[in-house]
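J.: predicted model and sequence follow; I will ask about them next.
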Amino acid sequence: MPMLGNVIILYVLIIYIFGIVGVQLWAGDLRYRCFLEEDILVLYNRSLSPYYVSMPGERVPFICSLEKTGMRHCWDIPPYHEDGNTCLLAAPQLDIPGDLATATNVSGCVNWNAYYSVCRSMGENPNMGCINFDNIGYAWIAIFQTVTLEGWTDIMYYVMDSHSYFSFVYFIIFTIVSVFL
């Protein structure tokens with residue numbers, strides 16, 4: 001039993017160190033969302049969500065990156081769909097003649113998702129706000145989920161989307177160390 005106590009102390013120390021590293025690297029990064037430009041709602045008098053929300057049925061939030069190093073950006077948002085059609089028009093082109101719309105194989109609806117072009121940190125954290133690295137408590141929750149190997153890749157992909165592709169190194173190292181202990 002005394003030797004097991006030493007292993008537990010070492011394990012808690014490793015979890016604490018990885019938690020601090022996670023908070024220092026990614027505090028607030030999982031809240032990045034693509035927002036509308038300031039004048040879109042005023043110009044077009046539409047009731048759109050202030051930030052892009054994934055399609056109904058998708059469980060993964062669209063997390064964007066401020067820097068070029070992240071995996072997802074606001075220009076990666078898929079086109080808007082309406083009545084089963086992919087919308088391809090820009091907002092000023094809304095009043096095009098019907099013959100032109102059918103001749104160019106355009107559905108005649110505006111791709112409002114193209115206007116979500118400003119990435120900033122104001123959205124909700126993934127999984128109802130419980131997966132993040134905003135403070136050490138939430139970091140421990142994410143780390144505990146990584147230790148159990150249950151859904152740790154989702155957390156890794158969220159961080160890779162918002163911060164950098166090379167964030168996988170943290171998760172791979174931590175997964176290997178935690179599983180061995």
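T.: Nice, thanks for sending it over. Residues are numbered from 1 along each chain as shown.

J.: helix, strand, or coil at the closest residue to residue 75 other than its chain neighbours?
T.: Residue nearest to residue 75 in three dimensions, not counting chain neighbours: residue 117, with 7.3 Å by CB to CB, 6 or more residues apart in numbering. Heads up, the C-betas are built off the backbone N, CA and C, glycines and all. With DSSP: H, G, I helix; E, B strand; the rest coil as the basis, the three-state label of residue 117 is strand.

J.: dump the residue contacts of residue 117.
T.: Contact analysis of residue 117 by CB atoms under 8 Å, 6 or more residues apart in numbering lists 34, 36-37, 74-75.

J.: now, which of those residues lie within strands?
T.: Using DSSP state E, the subset of the contacts of residue 117 located in strands is 34, 36.

J.: top of the contacts of residue 117 by neighbour count?
T.: residue 34 (24 neighbours; other CB atoms under 10 Å).

J.: beta partners for that one?
T.: Beta bridges link residue 34 to residue 119 when assigned by DSSP bridges.

J.: how much space separates it from residue 13?
T.: 39 Å (CB to CB, to the nearest Å).

J.: longest single helix anywhere in this protein?
T.: helix 2-26 (DSSP state H).

J.: lovely, talk soon.
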